[in-house]
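In: mind looking at a prediction? Sequence and model below.
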Amino acid sequence: MRKHYIDNIRWITVLMLFPYHTFMVYNNFGESFYVKGADLGFTSLVIGVLWPWIMPLLFLVSGIGSYHSLQKRTVKEYLTERIHRLFIPLFFGILFLVPIQTFLAEKFHNAYQGNYFEQYILFFTKPTDLSGYHGGFTPAHLWFLLYLFIISLVSLPIIHLCNKSRKRLDISKITLPILLTFFIIPVLSQVILDIEGKSLGEYLAWYLLGYFIMSKDEIQDILEKHRIVLAIASALMMIIYALGMIFLESYNVILYEIFYGLYAYTTVLAILGMGKKRLNFTNRVTSYMTKSSFGIYLFHQEWVVISAYFVILNVTNIPLQIISILIFSIIFTFFTQITFRKIPFLRYIFGLTK
């Protein structure tokens, strides 16, 4: 039976990226963006409390999805699906979508006077830190597709070896306290292939936790049963984490990483538990959003950056800027994915569903 709450968690999380990346325009923690507005404390605080768990949640639900996918597909069918669903959109997204963001970054930060096609040369030749915030090559937000594609390939031998092994984890013996100790796995994996603060090892750990642990009905029942406790714990840790961002000027790095990891993990568990209780349903809206979430992810940052570029240059009131960027980016993102889904070639190269 399809677990509708997993689909609903995924598209709701994707929608949260609209305010997340809009707020990135106004961050005050020293990180630039393709278009940069005023430094604001509130928007930076929101980014700070979301970042620890928002992308881990997407990798974890992807692991759950892969578990169910491999129950009804052969490995060859699964790999074919990954190529069409992830690699092809990644390739064409970097080719056609990302350069629009770096073109506007060049104009905004560097007063670039060349045209879009001339900037293509810069995109592929300019030295960069891979963020592309001031131009140059970057996968931009499509790093998620890149990581997920690599993780999908890397995880297959691991899954195969575990399936062949006679030693199996007894899911029936896992209680909530035992389940909570698993938070240490992504924490310890952070040091593996950490590229610009995005650790391939950490996200592989989240994906495998989704595949091997969170996909099991027994675990999902535990999370649903203890959802209130998990939600309260998550909320308290979020408050502590936010207060730390505001008031702490220095901290113990080891203690910080442990707390950061536990906060992220507990929040993900709370969302799964609450989702199973409250979001396990489908209707016309949820069905549409489930089919649209990939396209929304693909195009959303494109339109956030475009909207921010023109809004900041023409609107002086900051609250109005933020509201305008959110409204314009949401409208044009939905318009783009609706339009592209109707054109077979565009639907294919961007991995969209009908």
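Out: Received, thanks.
In: for the stretch 151-300 of the chain, what spans make up the helices?
Out: Secondary structure of the stretch 151-300 of the chain (DSSP state H, counting those that start in this stretch): helices at 176-181, 184-189, 200-209, 217-225, 227-247, 253-278, 284-314.
In: so can I have CSV of those helices showing distance to residue 65 and mean pLDDT?
Out: Where you see a C-beta, it was placed from the backbone N, CA and C, and this is true even at glycine. As requested, the helices of the stretch 151-300 of the chain are arranged in CSV below (distance: least, CB to CB, whole Å; pLDDT from 0 to 100):
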stretch, distance to residue 65, mean pLDDT
helix 176-181, 20, 97
helix 184-189, 18, 98
helix 200-209, 10, 98
helix 217-225, 14, 97
helix 227-247, 21, 97
helix 253-278, 13, 97
helix 284-314, 11, 98
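In: out of those helices, which is closest to residue 164?
Out: Closest to residue 164 of the helices of the stretch 151-300 of the chain, according to CB to CB: helix 200-209, at 16.1 Å.
In: buried residues, that closest one. List them.
Out: Buried residues in helix 200-209, counted by 16 or more other CB atoms under 10 Å: 200, 202, 203, 204, 205, 206, 207, 208, 209.
In: residue contacts, the third one?
Out: Contact partners of residue 203, counting by CB atoms under 8 Å, 6 or more residues apart in numbering, are 55, 56, 59, 147, 151.
In: how near is the fourth one to residue 298?
Out: In this structure, residue 147 and residue 298 are 15 Å apart, going by CB to CB, to the nearest Å.
In: kindly report the same for the last one.
Out: Distance, residue 151 to residue 298, by CB to CB: 18 Å.
In: those two: who's more crowded?
Out: The residue with more neighbours, out of residue 151 and residue 298, is residue 298; 26 against 23, by other CB atoms under 10 Å.
In: contact partners for that one?
Out: Residues 89, 93, 97, 142, 337, 350, 351, 352 are the ones in contact with residue 298 under the rule CB under 8 Å, 6+ apart.
In: phi first, then psi, for the last one.
Out: Same thing as residue 352. The phi and psi values for residue 352, taken as degrees, to the nearest 10, are phi -90, psi 150.
In: residues in contact with residue 62?
Out: For residue 62, the contact set (CB under 8 Å, 6+ apart) comprises 148, 207, 210.
In: correct me, but the second one touches residue 60?
Out: Yes. With contacts counted by CB atoms under 8 Å, residue 207 reaches residue 60, the gap being 6.8 Å.
In: list residues touching both of the two?
Out: Once CB under 8 Å, 6+ apart is applied, it turns out that residue 207 and residue 60 contact no residue in common.
In: any idea how far residue 264 is from the most centrally placed residue in the chain?
Out: By CA atoms, centre = their mean, the chain has its centre lying nearest to residue 55, at 3.6 Å. Note on residue 55: its distance to residue 264, by CB to CB, is 9 Å.
In: just residue 354 next, same as before
Out: In terms of CB to CB, residue 354 sits 35 Å off from residue 264.
In: repeat that for residue 320.
Out: Distance from residue 320 to residue 264, counting by CB to CB: 33 Å.
In: who has more neighbours out of these two?
Out: The residue with the greater number of neighbours, taking residue 320 and residue 264 and applying other CB under 10 Å, is residue 264; the counts read 25 against 11.
In: cool, thanks, talk later.
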